[in-house]
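Visitor: would you be able to build a 3D model of this:
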Amino acid sequence: MLGNLKSTGILEVGFSGFWMVVMLLVCTSEGLNSEMQYLLELKNGLHDQFNYLGNWKSTDQTPCGWIGVNCTSDYEPVVWSLDLNSMNLSGTLSSSIGGLVHLTYLNVAYNAFTGKIPKEIGNCSKLGHLYLNNNQFSGQIPSELGKLSFLESLNICNNMISGAMPEELGNLSSLVEFVAYTNNLTGPLPHSIGNLKNMKTFRAGQNAISGSIPAEISGCQSLEMLGLAQNDLGGALPKEIGMLQNLTDLILWDNQLDGLIPKELGNCTNLDTLALYANSLGGQIPKEIGNLKFLKKLYLYRNDLNGTIPREIGNMSMVTEIDFSENYLTGEIPTEFSEIKGLRLLYLFQNQLTGVIPNELSSLRNLTKLDLSINYLTGPIPFGFQYLTQMLQLQLFDNSLSGGIPQGLGLYSRLWVVDFSDNHLTGRIPPHICRQSNLILLNLGSNKLYGNIPTGIINCETLVQLRLVGNRLAGSFPSGLCKLVNLSAIELDQNMFSGPIPPEIGYCQKLQRLHIANNYFSSELPKEIGNLSQLVTFNISSNMLTGRIPPEIVNCKMLQRLDLSRNNFVGSLPNELGTLLQLELLKLSENKFSGKIPAALGNLSHLTELEMGGNLFSGEIPPELGDLSSLQIAMNLSYNNLSGNIPLELGNLNLLEFLLLNNNHLSGEIPSTFENLSSLLGCNFSYNDLSGPLPLIPLFQNMAVSSFIGNKGLCGGPLGNCGENPSSGSVPPLKSVTTSRGRIITIVATAVGGVSLILIVIILYFIIRPSKMVVSLQDNEISSPDSDVYFPPKEEYAYTMKVTEKCDIYSYGVVLLELLTGKTPVQPLDLGGDLVTWARNYIRNHSLTSGVLDARLNLEDKSTVDHMILVLKVALMCTSMSPFDRPSMREVVLMLVESNERKRSLNSSPTYDLPLKDDAS
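Guide: A predicted model of the protein is given here:
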């Protein structure tokens, strides 16, 4: 009996222990099983293209062996980490994630998750690291994330998250790193940001965050990196930023910040990078910036900073890159820059700096990039620059530098880019500038250099672009350049080169831009020009070339701009010119071309300007020219021997602004289809055999008689009613033209307004070579093509290979300069070679005063002179080197109208007569 009792007791104890173990296992498995269910729910919402989660099976006892899942190893294991990064997963992140309450690490970065960030993540109260970056999450940042008091890292960058940052972010008291750049975040920064005492990194660039940077940012005492570039932040930089003693990187570029740079920034003595560029910051650069002894990169460019550069800049002994470009800084370049021995990059271009380039800069032995362009610097290029062995990029263009270029330049440094254009440099081109075989761009244009192109440049194998425009260089065409396999641009315009263009030109296989206008090249154009299959712009205007156009030129299928004007070419045009389908500009004017105009030119659907005036073309105008649907700037067929009727099809050119058919033998009526020419600003039909009424369009009805003169049968509009005796054939006497010149000039300078360009066309008819022209008109002869009413630009300075400006108004600027200065477009070479260069040189040397105006005018009326100076400024804008810097036609008209209104406010007299001094008596 006693034995039975004992055995029974043992059984009971054993059975109890067994159930205790079973219960413990059940409890543990229940915890893991519930987390396993949450994970399976999460998987069900995903698309797993590569089956990374293939071992996530519901039949498993535990998820602890699943890919990406990590469990604790203690007595009661739970899921503490879920790492699914870079698994090419897509779909939405299930709200079941909030059931994994033991998670301390969650990483789903670099996938394709979409939808909102589940607010249930806020239930994962132990979470320390949350990585949702590089997905396609949208919606707002859930405010529930503010409950994650242990969270140290939050990365949501490179998503499509929108809305404002919730104030609850300020509750993340453990947060060390917040990364949210490249999203669609809007609204202001939360003021609660100041509560994040432990935060070291805050990056939210490339969003649309607005408002100002809150002063509470000073509470982030641990902050090292503040990145808010490419947002819409405005207002002033808070001086409280100066309290962030640990700050190493302040990245705020491309916002709308204004006001002053706070001097308190000088207290951030641990700064390594300061990037405030592309804002609207004004005032002076604070001298306290010199306190930043550990700063390495200082970028303040593209702001509105003014005043002088503080000399304390020399105290920043660790800095390697300084960029103050595109501001309004004045004064001289501080010699203290020379104390920054590790300086590699110094950009001060596009400011208003004066004085000389300090010789002390030659001591910066580590300098690799120096750009001082677009300032008012004078004096010589420091002789010591040739000894800067690390120099790669040296740009000093658009200043007033004088003297010679150091002849040893290039001997000791592997120069990559050299641009000294638009200065007053004299002497010869340095012979060793490409000695180290690294040079890709050499631009010495618009100086006073003379001599030949050095052999070292002609043999520079790395050279891509050679620009020597507007100097006094001489010699023959450097045929050795054609051996340079990388050469894409040769610009030798406005020099004194002579001789033939050699057949070796055909070896320039990669040449895209060949500009040799305004030289003394002669003989025939070689047929090898057809080998330049990559040629985009070809300008050989204003030379002494003869012979026929080689038919091989039609092999240059990439041509967009072709200018053969002002030479002595003869013969008929190749019909195949119509196969150059990329052409946007075709200038053949002022040659001796003959024969018919090829109908195939009508195939040039991209053509915006067609200049064929001043030749010997005969026959009828091809109706196919009406198919030039892109023609906008001008069609000039004047001063030829064209006959027959004007084609009706020309009325299809509804973008055309100038049409010049004068001085031909055209007959019949002006087509009624011209009523469709809604964009027309000016035209000239004078000296033909036209008859009948003018089309009923406002432009024709309001034009001066001079646009129709020499057509005895025309009537209507300014010519009088068709029932009356038309007076279009009458020519004003010589005296009236001469004596009215002052009045005409003043009208242009004071009342151009909306019809300014029309007036210019009319006025030039009387003004260009007035005595010779009027005599020829009286004899009813064809005038010289030199007196053509439309003057095309002599050259194009655009740096891009593809020039597609809507309207090139360079010519109109030249016209205004002619009227205001009384000078012709072509000037002696020692005065610049052309009127634009002469005007710019005069203004640079003498400033913008009345001395630039026509000396024959009575310039005693100050208000009139001031107004003419205003118009002169418009002319200079129109003749900017780059077409991208020129105003549009509409902008020109607006500026001239405004100048007219300003004149009227200064002068109440209704007349604008300004006689020539010779006529004043």
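Visitor: ranges for the helices of this protein?
Guide: Assigned by DSSP state H, the chain shows helices spanning 2-44, 455-458, 698-702, 734-739, 741-751, 756-767, 770-778, 810-821, 835-846, 862-878, 889-906.
Visitor: rank the ones you listed by mean pLDDT and give me the bottom one.
Guide: Among the helices of the chain, helix 770-778 has the lowest mean pLDDT, at a mean of 30.
Visitor: isn't residue 843 up against residue 853?
Guide: No - using CB atoms under 8 Å, residue 843 is not in contact with residue 853; the gap is 11.6 Å. Backbone N, C-alpha and C define where each C-beta goes, glycine included.
Visitor: with neighbour numbers in mind, choose between the two.
Guide: Comparing residue 843 with residue 853 by other CB atoms under 10 Å, the one with more neighbours is residue 853, at 20 against 16.
Visitor: report pLDDT for that one.
Guide: Reading off the model, residue 853 has pLDDT 87.
Visitor: pretty sure it contacts residue 865?
Guide: Yes - using CB under 8 Å, residue 853 is in contact with residue 865, at 7.1 Å.
Visitor: what is in contact with those two at once?
Guide: When contacts are counted by CB atoms under 8 Å, 6 or more residues apart in numbering, residue 853 and residue 865 are jointly contacted by residue 859.
Visitor: what segments of the stretch 601-750 of the chain are strands?
Guide: With DSSP state E, counting those that start in this stretch, the ranges of strands along the stretch 601-750 of the chain come out as 609-611, 616-619, 634-636, 641-645, 658-660, 665-668, 682-684, 689-693, 713-715.
Visitor: mind listing what residue 478 touches?
Guide: With CB under 8 Å, 6+ apart, residue 478 has these contacts: 453, 458.
Visitor: ok, residue 713 next?
Guide: Contacts of residue 713 (CB under 8 Å, 6+ apart): 689, 690, 691, 692, 726.
Visitor: my guess is residue 124 contacts residue 96. True?
Guide: No - if you go by CB under 8 Å, residue 124 and residue 96 don't touch, sitting 11.5 Å apart.
Visitor: when these two are compared, which one has more neighbours?
Guide: Higher neighbour count among residue 124 and residue 96: residue 124, with 24 against 19, using other CB under 10 Å.
Visitor: nearest spatial neighbour of the more buried one, chain-adjacent residues omitted?
Guide: In space, and not counting its chain neighbours, residue 124 is closest to residue 103: 4.7 Å by CB to CB, 6 or more residues apart in numbering.
Visitor: ok, that neighbour touching residue 72?
Guide: No - assessed by CB under 8 Å, residue 103 is found out of contact with residue 72, at 11.1 Å.
Visitor: setting aside sequence neighbours, what's the nearest residue to residue 284?
Guide: Residue 284 sits nearest to residue 307 (CB to CB, 6+ apart), 3.5 Å away.
Visitor: now do the one you found, the pLDDT please.
Guide: What the model reports for residue 307 is a pLDDT of 98.
Visitor: state the distance from it to residue 291.
Guide: 18 Å (CB to CB, to the nearest Å).
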